[in-house]
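1. Sharing a model that was predicted from the sequence below.
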Number of protein chains: 2
Amino acid sequence: MTVTSPVPTGLASATGFQVYDTTLRDGAQQEGINLSVADKLAIAPLLDELGVGFIEGGWPGAVPKDTEFFKRAAKELDLRNAELAAFGSTRKAGTRAADDTQVRALLDSEAPVVTIVAKHDIRHVERALRTSGAENLAMIAETVALLVREGRRVMVDAEHFFDGFRFDSAYSVQAVLAGLEAGAEVVCLCDTNGGMVPPWVTAVVAEVRAAVGPDAVLGMHAHNDSGCAVANTLAAVEAGCAHVQGTVNGYGERTGNADLLAVVANLELKYGLPVLARDEQGGSGLADLTRIAHAISEITNISPFARSPYVGASAFAHKAGLHASAIKVDPDLYQHADPSAVGNDMRMLVSDMAGRASIELKGRELGIDLTGRADVLARVTERVKDAEARGYTYEAADASFELLLVEELEGSRPQYFRVESWRAIVERVGPRGTPATAEATVKLHAGDERIVTTGEGNGPVNAMDHALRQALVGVYPTLETFELIDFKVRILDAMHGTDAVTRVLIEMTDGKQSWSTVGVGPNVLEASWEALTDAVIWGLRHHGVMPR
Amino acid sequence: MTVTSPVPTGLASATGFQVYDTTLRDGAQQEGINLSVADKLAIAPLLDELGVGFIEGGWPGAVPKDTEFFKRAAKELDLRNAELAAFGSTRKAGTRAADDTQVRALLDSEAPVVTIVAKHDIRHVERALRTSGAENLAMIAETVALLVREGRRVMVDAEHFFDGFRFDSAYSVQAVLAGLEAGAEVVCLCDTNGGMVPPWVTAVVAEVRAAVGPDAVLGMHAHNDSGCAVANTLAAVEAGCAHVQGTVNGYGERTGNADLLAVVANLELKYGLPVLARDEQGGSGLADLTRIAHAISEITNISPFARSPYVGASAFAHKAGLHASAIKVDPDLYQHADPSAVGNDMRMLVSDMAGRASIELKGRELGIDLTGRADVLARVTERVKDAEARGYTYEAADASFELLLVEELEGSRPQYFRVESWRAIVERVGPRGTPATAEATVKLHAGDERIVTTGEGNGPVNAMDHALRQALVGVYPTLETFELIDFKVRILDAMHGTDAVTRVLIEMTDGKQSWSTVGVGPNVLEASWEALTDAVIWGLRHHGVMPR
């Protein structure tokens, strides 16, 4: 009883398989994403590096900044693997394709590939487009034919295809044939509303395949409304689609598009299909998947989702506990894929279940070799357990954990400064609605000086951060580049009101990397102060600054 | 050509179908989730309200706070639909099940259902457990048999089942049979490493089904490492599994578990299987899916993911543009499911109609009849929308919502006191480890007096609470019985560090009932002050105290 690979016989190799990215067009429909021309010009080379075959850049003619993108892309981008695709619509009802200004703009974009969205659900034709089924077929055929005559590679996005097929399959198939017969290279079946589940996709694609014959190239464009976008895309490939569309990190309207990164990682690693472009050594961008995913989230300014398949910060993170020693010996028994294949890392989360084995692994991850240091391991394990019992968590605070490790290894933590006292004051004078003011005063010793500073802020933690860095920046100018970028508060035992313990997690950055620390205390300000000072100390130490 | 429902002939009805939630156990393995006993006691009734059949509460005996959870749950929880399940392990190798303290603790938990995790991959048996295949089978059989003899319903979580089956299917099937023959009600096949794709699941489950016969109940427990957890769960159901496991919001280690909310919504709405418990009117918790998902994220303190299928804030949000009017006329052409079926809203159409209806309902729930008060409804709807855009949430703050309603109905909120100013000071004098002191001063007018009080506390909010109640208790002695019992902080936009908006939820009690309020502000103290004063005002009003 061996389970064989599910790759269908019709697709035993990836020759001619097309990976089509629509992050810049459909991905940009996501709430909260707004890409400038510069953003798009920065994302495209990353997609090219990944090795996708097509990059859909936008809708020239309809969206002014997309017109500009194609103009600048033609001059500024030097893509090795990918072709740029312009997205647009069929001609309007009752006009000639050659007279349609929107179609004209697609040609003017000079994109070598043009993808035309066309209605494939008769209800949308009649109710939204308010034209006849026959006229819609003519719109598809004439627009495709014109673009092919003008030397473009033409693809058709069959909008609302699956819902349309389930309502009136005969019409939907006619529309597919209209595009193919007019010369479209691919007709991509779209689950525009995103509600399909894999068996429905399998059934529909099989019927379309039977209707269009074995040589036509079909594609799949899925949305994630049922939580099945990746699986629906794989189901379509198994049923004979040789073109997949998706977006980086699954960006897109509503629940997003199919996450193209998970789709290609699955096709490459689980189906054994080399769908990404290869370099001379046979390497692909897959090994850089995680870095590319994160680089693109920097540009879109959407925080990466830690639980993303393959590329998430948590994707290969284990709460060690019982199994740490087993994981150390046989990592492959505990992970579905080798994290290095997608440029990610196995991470051990230091939690209260942690034993020495997981702390040793964690040390290695931070570049600190604890092999043979049983004494240190024992003390660190004890301290971690004790600290976690008091509310600390090192899972999301690597920098605090590293300082604890350094303290046990070197006898003490780096002494960049000595705090004499701090004080924070928040005051509101006036009725509800009057803004409060916050200030903090820090008195400390650093570099043989006694320094007293007062900082203001929109809240006490902000004010403390300002006062602390202002006090130290003269002695340690490196601090100039540090910035507090995230601040999380958790009350740990909710049943004791404000008598509960407060945990604060802080993330600081120097513009290149970021690091996280934890503080715990009977109130938010004490906890914040601890996390703040740890963050400053870790940052100075990692910049090679010596205590003065 | 009509695509029929893919429900397999073997599962034409949902009779006996089991929905098993493991949010409190496997979900709590997620990085950043740390549930207290109080958190678990608050989440369980929400799961019960949803209508799941089983709630796995934790591992009594192995985790002290889980032992406490089962003890308190037996006394404090009154579940209508769900049975509590205790999770544990088979007996250790080379011992008797009856002598195993861990197995003993499962019995002592008094949970009616016990779920035993057992190795089903021969490599894990030999390399991690370091015992023989035969001993592992005996461990399964004897542990299950003992628990069954003691009157428990027993389920087996077949750990690493899929990977094990693909390596040595004969052994994995033997292990399944060992559990079933010893009396396990269900053997749940686990994709522990989460790397399966649907066709593999289909193939494996079909082979297992053939080996165990038609009557054995098989389950599916999926993780999302390939991005296919929901689809893998559906594939398993199609192949004959009648028990599904998952977690709310897909919480879990690494990429998370199968999102149980998407699984049940798909089974109910797309497969037509009524898998959730029904009330007398035939209703289920599905219509409250979105509210329940969000209420649980408040407790886990993990920001809801906007793109979550069915329940995400963006799940039914349309970027208006071209199709707005078409969507308004024919919404069903643009959405895969009716958002109201899962308690969500099509967001573009969030018109007063939808909003007003729910506010009218909410008012009724609070004992305030708004029938025929279209003017009030319109103003409240507007204020709620505006406030929620600024970070307020009334879902978990009924008392604040009621004060808002009262204000619109009566022209102003009750004026029990008028605040002139407040100030909070936190100070630490001395090195790390020295406790800080907190004090707050409040100046206010009540009952014709100007009152100035200073309160101390272990933190600024505690001090503010003391100062406020001390100032007022002479005028309103009822306040003597009030106590602050819960305090939750959330930073709303994590990308702006301490410049972000802070939301505070406060729960106050008079010893008999408790009520919750919300405050929002640029810092935790301003937000806390707003929530504190609202809580005092609501409490006084509900005790029938007149403003003096």
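-> Yes, it's here.

2. what's the neighbour count on the nearest residue to A:Gly457 once chain neighbours are set aside?
-> Spatial nearest neighbour of A:Gly457, chain neighbours left out: A:Ala463 (3.5 Å); criterion: Cβ to Cβ, 6 or more residues apart in numbering or on different chains. All C-beta atoms are positioned from the backbone trio N, CA, C, and that covers glycine. A:Ala463: 26 surrounding residues under other Cβ atoms under 10 Å in any protein chain shown.

3. A:Ala463 and A:Ala326, how far apart?
-> Computed as Cβ to Cβ, to the nearest Å, the A:Ala463 to A:Ala326 distance reads 48 Å.

4. ok, now which ones touch the residue nearest to A:Gly457?
-> By Cβ atoms under 8 Å, 6 or more residues apart in numbering or on different chains, the contact list for A:Ala463 reads A:424, A:438-440, A:455-457.

5. tell me, which helix in chain A spans the most residues?
-> helix A:524-542 (DSSP state H).

6. Say whether chain B is contacted by that one.
-> Yes. Counting by Cβ under 8 Å from any Cβ of the partner chain, contacts between helix A:524-542 and chain B involve A:524-526, A:529-530, A:533.

7. Stretch A:327-341 now?
-> Yes. Residues of stretch A:327-341 contacting chain B under Cβ under 8 Å from any Cβ: A:329-330, A:333-337.

8. same question, stretch A:380-390
-> No. When contact is scored as Cβ under 8 Å from any Cβ, no part of stretch A:380-390 falls within range of chain B; the minimum is 9.3 Å.

9. Return the mean pLDDT over that stretch, rounded to an integer.
-> What stretch A:380-390 shows for mean pLDDT is 80.

10. How far does it sit from its chain's centre?
-> 33 Å (Cα atoms, centre = their mean, to the nearest Å).

11. would you put the C-alpha positions of that stretch in PDB?
-> This file holds the C-alpha atoms of stretch A:380-390, laid out as PDB (Å, rounded to 0.1, in the frame of the first residue of the first chain):
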ATOM      1  CA  VAL A 380      19.300  29.000  32.100                       C
ATOM      2  CA  THR A 381      16.600  26.300  32.100                       C
ATOM      3  CA  GLU A 382      15.900  27.000  35.700                       C
ATOM      4  CA  ARG A 383      15.700  30.700  35.200                       C
ATOM      5  CA  VAL A 384      13.500  30.400  32.100                       C
ATOM      6  CA  LYS A 385      11.100  28.200  34.000                       C
ATOM      7  CA  ASP A 386      11.100  30.500  37.000                       C
ATOM      8  CA  ALA A 387      10.600  33.600  34.800                       C
ATOM      9  CA  GLU A 388       7.800  32.000  32.800                       C
ATOM     10  CA  ALA A 389       6.000  31.100  36.000                       C
ATOM     11  CA  ARG A 390       6.100  34.800  36.900                       C
END
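
12. low pLDDT regions in chain A?
-> Scanning chain A for pLDDT under 70 picks out the ranges A:1-14, A:320-325, A:349-355, A:492-500.

13. pull the longest strand from it.
-> Criterion DSSP state E: the longest strand present in chain A is strand A:418-429.

14. so which residue of the stretch 301-450 of chain A comes closest to chain B?
-> A:His336 (2.4 Å; Cβ to the nearest Cβ).

15. who touches that residue in this structure?
-> B:163, B:193-195, B:225-226.

16. any idea how far the closest residue to it other than its chain neighbours is from A:Leu47?
-> Distance criterion Cβ to Cβ, 6+ apart; nearest residue to A:His336, sequence neighbours excluded, is B:Gly195 at 2.4 Å. Distance of B:Gly195 to A:Leu47, computed by Cβ to Cβ: 25 Å.

17. Tell me which of those two has more neighbours.
-> A:Leu47 (24 against 21).

18. Write out the residues of the stretch 151-300 of chain A neighbouring chain B.
-> Residues of the stretch 151-300 of chain A lying near chain B (Cβ under 8 Å from any Cβ): A:160, A:163, A:165-166, A:169-170, A:193-200, A:203-204, A:207, A:224-228, A:230-232, A:234-235, A:238, A:250, A:253-256, A:259, A:262-263, A:266, A:270-271.

19. Just the buried residues out of those, in ChimeraX syntax.
-> The ChimeraX command for the buried members of these (criterion: 16 or more other Cβ atoms under 10 Å in any protein chain shown) is given here:
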select /A:160,163,165,166,169,193,194,195,196,197,198,199,200,203,204,207,224,225,226,227,228,230,231,232,234,235,238,250,253,254,255,256,259,262,263,266,270,271
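
20. In helices, which of the residues of the stretch 151-300 of chain A next to chain B appear?
-> Per DSSP H, these map to helices at A:163, A:165-166, A:169-170, A:198-200, A:203-204, A:207, A:230-232, A:234-235, A:238, A:262-263, A:266.

21. Kindly state the domain boundaries assigned to chain A.
-> Here the domain parsing of chain A from automatic domain parsing is A:16-300, A:317-389, A:418-542.

22. which residues in the stretch 251-400 of chain A form strands?
-> Using DSSP state E, counting those that start in this stretch, the strands of the stretch 251-400 of chain A run over A:317-319, A:347-349.

23. Same list (those strands) but as TSV, adding mean neighbour count and distance to chain B.
-> TSV is the format used below for these (neighbours: other Cβ atoms under 10 Å in any protein chain shown; distance: least, Cβ to the nearest Cβ, whole Å):
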stretch	mean neighbour count	distance to chain B
strand A:317-319	23	5
strand A:347-349	23	6
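
24. which outside residues touch stretch A:268-287?
-> A:5-7, A:11, A:13-14, A:17, A:19, A:49-53, A:80-82, A:234, A:237, A:244, A:264-265, A:267, A:292, A:337, A:340-343, B:195, B:197, B:226.
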